[in-house]
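Chemist: A structural model of the following input is requested.
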Amino acid sequence: MPETITINGRSIDRGEKVLTKLNISKLPSGTVIEIPVYVFRSVHDGPVVLLMAGMHGDEVNGIEIIRRMLGKKMLYPLRGTIIAVPILNIYGFLNFSRDVPDGKDVNRSFPGRNEGSLASRVAYRFMKEVMPYIDYGIDFHTGGSSRSNYPQIRCVLDYPKNVELSQAFGAPFVLDASFRTGSLRKEAWKHGKTILVYEAGESLRFDEVGICTGIEGTCRFLHHLGMMAGAPAAAQEPVVCHKDVWIRAKNAGLFRSIVRTGEQVKKNQLLGTITDPYGEMEVKIIATSAGYIIGLNNMPVVNQGDALVHIAF
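Modeler: Coordinates of the predicted model:
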């Protein structure tokens, strides 16, 4: 752990608790857009951990996880440093949107460019100011487009540190998820950093189970690293899944699910139906694999090809 961390031109020494704000740009109205960054430093040596949410502005569960931990003063480490970024994509948050105003996804824009698109500039500023210091991190996400995710950790399980930390977090499911081009997780890996992705709930909806599971898992994560005195035990051993498949709609219509996220299903099990609005057509949705439902589309009106049920095994 470095003696001094410098973020946004502010030097932060051991034992300090600081809120600094990264200036990104301005709205067309002239309103300044800033990203709040909370830094909590112990006097004792230890790892630097990133807790970040709001990469996609409409994914509010992670924002709420960090907000509650900040409000309850749970982020004062016994050793090391915690850097908390409750909302990275302020633009999307203000507009109830996944993306920034130019339509680009910040989590496909890393490492970013200072002279690039708006999403690229957000990514670049984070990489320049925060990434150099962190050792480990949790990037909080939710399902998008009316799709709800059961609490799960996503990481590449080929790396022992990912396995260790995902088990320490203790989410109900751990999904072996490959890197995606332009993502924070892949860029962090290139720099020798370990980032886990926590998924729970859906966009623009609070999911109390997902929020509480995320807080407890973060406490276990920090406790494992010696940064927190204690943490609640996980309710169960995580189910580790190495493969996953989305069941997609073969017909457009009205989707009715008869299963729930977290449920174990068998191959060829009935998952739901798609009907037309007039009662003239009904198509059964059948599981193509045995496994666990880790994601579910909550939108009743679906088009051909829409993702309906996410099964991991």
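Chemist: farthest residue from the center of the chain?
Modeler: Going by Cα atoms, centre = their mean, the residue of the chain most distant from its centre is residue 280, 40.8 Å out.
Chemist: Distance check, that one against residue 251.
Modeler: From residue 280 across to residue 251, the span is 12 Å (Cβ to Cβ, to the nearest Å). Every C-beta, even on glycine, is put in place using the N, C-alpha and C of the backbone.
Chemist: What strand or helix carries the residue lying closest to residue 253 once chain neighbours are set aside?
Modeler: Distances taken as Cβ to Cβ, 6 or more residues apart in numbering put residue 274 closest to residue 253, at 4.4 Å, once the chain neighbours are dropped. Element membership of residue 274, judged by DSSP states H and E, is strand 270-275.
Chemist: hmm, back to that, ok, now which ones touch the residue nearest to residue 253?
Modeler: Residue 274 is in contact with 249-256, 282-283, 285, 302, counting by Cβ atoms under 8 Å, 6 or more residues apart in numbering.
Chemist: Which residue ranges of the stretch 201-313 of the chain form strands?
Modeler: Taking DSSP state E, counting those that start in this stretch, the strands of the stretch 201-313 of the chain run over residues 239-241, 244-248, 253-257, 264-265, 270-275, 282-286, 291-297, 301-302, 307-312.
Chemist: Name the strands paired with the longest one and say parallel or antiparallel.
Modeler: Okay, so that is strand 291-297. Strand 291-297 sits in its sheet next to strand 147-155 (antiparallel), strand 264-265 (antiparallel), strand 307-312 (antiparallel), going by DSSP bridges.
Chemist: Same check on the second one?
Modeler: Strand pairing for strand 244-248, determined by DSSP bridges: strand 307-312 (antiparallel).
Chemist: Take the partner strand, keep the C-alpha atoms, and write them as CSV.
Modeler: Extracted in CSV, the C-alpha atoms of strand 307-312 (Å, rounded to 0.1, in the frame of the first residue of the first chain):
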residue,chain,number,x,y,z
ALA,A,307,-33.6,-13.4,-24.2
LEU,A,308,-36.1,-15.0,-21.9
VAL,A,309,-34.5,-17.3,-19.3
HIS,A,310,-30.8,-17.5,-18.4
ILE,A,311,-29.7,-21.0,-17.2
ALA,A,312,-26.2,-21.7,-15.8
